[in-house]
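K.L.:
please find the sequence and the predicted model below.
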Amino acid sequence: MRGLGEQVSAGGEEIEPPTIEPLLDRIFRNRMAIHLTKFLLKGTINLANNLAPLGVLVVGGWFVLEGATTVGVVVAFVSGFERLGDPLRELVAYYRTASRTRIQHRLIAQWMRADG
């Protein structure tokens with residue numbers, strides 16, 4: 001992207017399409033690969049997150065049918081899974097905020113150094 005930006009902002013020089021087309025194709029392929037990887041990983045994480053409560057419901061339902069436990073125990077386990085996920089979500093949100101703040105700080109520091 002930076003190479004393309006440098007070519008576009010060169011000003012007086014004429015941009016030759018044969019040199020830009022392979023660069024644009026490479027950028028497009030990279031972006032599509034990133035999006036595909038992101039969505040596949042997101043789908044895998046969502047599947048894993050939803051398999052745990054489903055497993056509790058299936059196994060718990062089987063135990064309820066067999067008379068080994070009650071419905072209240074199964075509901076308590078499902079509620080427990082939700083409560084276990086809340087601290088993890090807060091931790092992920094904290095690290096996202098910290099990462100974003102670190103990047104913003106670095107950009108502001110670079111901007112202030114550039115201005116003198």
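P.N.:
That came through, no problem.
K.L.:
have a look at the chain and report its longest helix.
P.N.:
Of all the elements of type helix in the chain, the one with the most residues (DSSP state H) is helix 17-66.
K.L.:
ok, then the element right after that helix?
P.N.:
On the C-terminal side of helix 17-66, the closest following helix or strand by DSSP states H and E is helix 71-115.
K.L.:
that following helix to helix 17-66, inter-axis angle?
P.N.:
Computed by axes from the mean of the first three to the mean of the last three Cα atoms, to 10 degrees, the angle separating helix 71-115 from helix 17-66 equals 160 degrees.
K.L.:
ok now helix 71-115, how far from the chain's centre?
P.N.:
Between the mean C-alpha point of helix 71-115 and the mean C-alpha point of its chain there is a distance of 12 Å (Cα atoms, centre = their mean, to the nearest Å).
K.L.:
what helices or strands is it leaning on?
P.N.:
For helix 71-115, the contact count by 3 or more Cβ pairs under 8 Å, 6 or more residues apart in numbering; DSSP states H and E identifies helix 17-66 as packing neighbours. Where you see a C-beta, it was placed from the backbone N, CA and C, and this is true even at glycine.
K.L.:
this completes my enquiry, with thanks.
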